[in-house]
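> Generate a structure from the sequence data that follows.
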Amino acid sequence: MTKNTKVNAAILIIGNEILSGRTQDTNTSTLATWLNSIGVKVNEVRVIPDVEKTIVDTLNVLRKENNYVFTTGGIGPTHDDITAESVAKTFGLKYEIHKEAFKILESYYQSGEFNQGRQRMAWMPENAALILNPTSGAPGFSVENVFCLPGVPSIMKSMLGGLTNKIVGGEPILSHTLNFKTVESEIAKSLKQVQNQNQDVEIGSYPFFHAGKLGVSIVLRSEDQSKIDNCSSQILEFIKEKKIEIVDR
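Numbers count the residues shown, from 1 in each chain. The predicted structure follows:
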């Protein structure tokens, strides 16, 4: 894969606790920020329950449409942790004890602590590649282009460093934010004209209300800083004409 290739990914958040609202998802933001920094564009994010058929069906769609798929959740020691078994079914692989993962976990826990529940974390699709866990011992794993990470945000984040060399990205995706004291309807037409002239720059418009100020943030994203700069100057030109105030956030 060359550096100029467009590389994309999907994020699959697995867990009833996210859908019920009991747990807040922060993994999407962490993963997307990291992926952008290594030149992988996130195409979509899905949140699904701990249901085998749903996991298998969703993975079969996402792994064909994206260079990479990252899952979080469902690889712990409890009965509802079914991600590993579901991935095995997705790829038609045996679900078995991963000898290396078993050794890692066995040495991590003190004598007598490596019980049957914890041993479940060593069960993976056959020949899965391990993703080492510097925080809590239990490794994640990957099969082809699917990478399975834990749902606990701090643990998941700590494992990304070990993945950097395994993911081949394009140019890092750069971004620049401009904040204005205005409403979207006031700038929509002018912004559309700028977007039409700058097809290689993704322009996003996001209203905000901060410290009593109502405004709009314009976020410019591209792999090319000069294209962002050019786009930014065109926006600032019409902002000046309309006498719209620039604000700090």
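
> mind checking pLDDT for the closest residue to Pro134 other than its chain neighbours?
Excluding the flanking residues, the one nearest Pro134 by CB to CB, 6 or more residues apart in numbering is Ser158, at 5.3 Å. (C-beta placed from N, C-alpha, C; glycine too.) In this prediction, Ser158 carries a pLDDT score of 95.

> Equivalent analysis for the one 5 residues further on, please.
At Leu163 the predicted local confidence, pLDDT, stands at 91.

> any idea how far the longest helix that the chain contains is from the chain center?
The longest helix of the chain (DSSP state H) is helix 225-241. How far helix 225-241 lies from its chain's middle: 29 Å, per CA atoms, centre = their mean, to the nearest Å.

> circling back to that earlier point, got the contact list for the residue nearest to Pro134?
Contacts for Ser158 (CB atoms under 8 Å, 6 or more residues apart in numbering) come out as 133-135.

> filter these to the buried ones?
Asn133 (16 or more other CB atoms under 10 Å).

> Need the contacts of Ser158 in TSV (columns: distance to Glu44 and secondary structure).
Formatted as TSV, those follow (distance: CB to CB, whole Å; DSSP: H, G, I helix; E, B strand; the rest coil):
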residue	distance to Glu44	secondary structure
Asn133	26	coil
Pro134	29	coil
Thr135	28	coil
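
> can you list the contacts of Ser158 in JSON lines and add pLDDT?
As requested, the contacts of Ser158 are exported to JSON lines (pLDDT from 0 to 100):
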{"residue": "Asn133", "pLDDT": "93"}
{"residue": "Pro134", "pLDDT": "91"}
{"residue": "Thr135", "pLDDT": "89"}
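
> Looking at the contacts of Ser158, which one is closest to Leu12?
Asn133 (19.1 Å; CB to CB).

> That closest one reaches Cys148, doesn't it?
No. Asn133 is not in contact with Cys148 according to CB atoms under 8 Å; the separation is 11.7 Å.

> joint contacts of these two?
With CB under 8 Å, 6+ apart as the test, Asn133 and Cys148 both reach Gly140.

> Run a quick neighbour tally on the closest residue to Tyr109 other than its chain neighbours.
The spatially closest residue to Tyr109, leaving aside those adjacent along the chain, is Arg118, at 6.4 Å (CB to CB, 6+ apart). Neighbours of Arg118 under the rule other CB atoms under 10 Å: 17.

> What of Ile38?
Ile38, neighbours per other CB under 10 Å, totals 17.

> Check whether the residue nearest to Pro134 sits in a helix, strand or coil.
helix (DSSP: H, G, I helix; E, B strand; the rest coil).

> for Val47, same thing?
Strictly by three-state DSSP, Val47 counts as strand.

> Also Thr23?
Classification of Thr23 using three-state DSSP returns coil.

> got a list of what the closest residue in space to Trp34 that isn't next to it in sequence touches?
Ranked by CB to CB, 6+ apart and with sequence neighbours excluded, the top spatial neighbour of Trp34 is Leu160, at 5.2 Å. By CB under 8 Å, 6+ apart, Leu160 lies in contact with 30-31, 34.

> tell me the phi and psi of Leu160?
Main-chain torsions, Leu160, degrees, to the nearest 10: phi -70, psi -30.

> where does it sit relative to Gln24, distance-wise?
Leu160 sits 19 Å away from Gln24, going by CB to CB, to the nearest Å.

> any low-confidence regions in the chain?
Within the chain, the segments meeting pLDDT under 70 span 1-5, 249.

> Can you show me the helices along it?
So, for the chain - with DSSP H - the helices run 16-19, 27-37, 52-65, 83-91, 99-108, 116-119, 153-159, 184-197, 225-241.
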